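In: mind folding the following:
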Amino acid sequence: MDPAEGTYGCPIGAVCFACRGTEDLRPIVAASPAGDLCWTACARCARGGVVLRLTGYAARRMILEHREHAAPL
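Out: From the prediction side, this is the model:
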């Protein structure tokens, strides 16, 4: 999956979820076994293929939030 694919409507946070950087932020969609989720990434983390380490609870919450704002119109 292209990380920029399907990001219409995804919010952009104030910092990169992976490195806490604050410049050149963009939404990224990532596939997980339980469903797609989105997160805010800086350009470096978006290019670098960062693998997020999430608890099961955090992953489920992010998947549900993504489903809410990325639902078809």
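In: residue boundaries of the strands in the chain?
Out: Using DSSP state E, the strands of the chain run over residues 26-30, 37-41.
In: got these as JSON lines, with mean neighbour count and distance to Arg67 columns?
Out: C-betas here are computed from N, CA, C, even on glycine. What follows is the strands of the chain, written out as JSON lines (neighbours: other CB atoms under 10 Å; distance: least, CB to CB, whole Å):
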{"stretch": "strand 26-30", "mean neighbour count": "20", "distance to Arg67": "12"}
{"stretch": "strand 37-41", "mean neighbour count": "23", "distance to Arg67": "9"}
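In: export those strands as TSV, with columns for mean pLDDT.
Out: Conversion of these to TSV gives the following (pLDDT from 0 to 100):
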stretch	mean pLDDT
strand 26-30	91
strand 37-41	93
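In: so, low pLDDT: which residues of this structure?
Out: When residues are selected by pLDDT under 70, those of the chain lie in 1-7, 71-73.
In: which parts of the helix ranked longest in the chain are buried?
Out: Criterion DSSP state H: the longest helix present in the chain is helix 56-69. Of all the residues in helix 56-69, those buried under the rule 16 or more other CB atoms under 10 Å are Ala59, Met62, Ile63, His66.
In: I am finished for the moment; much appreciated.
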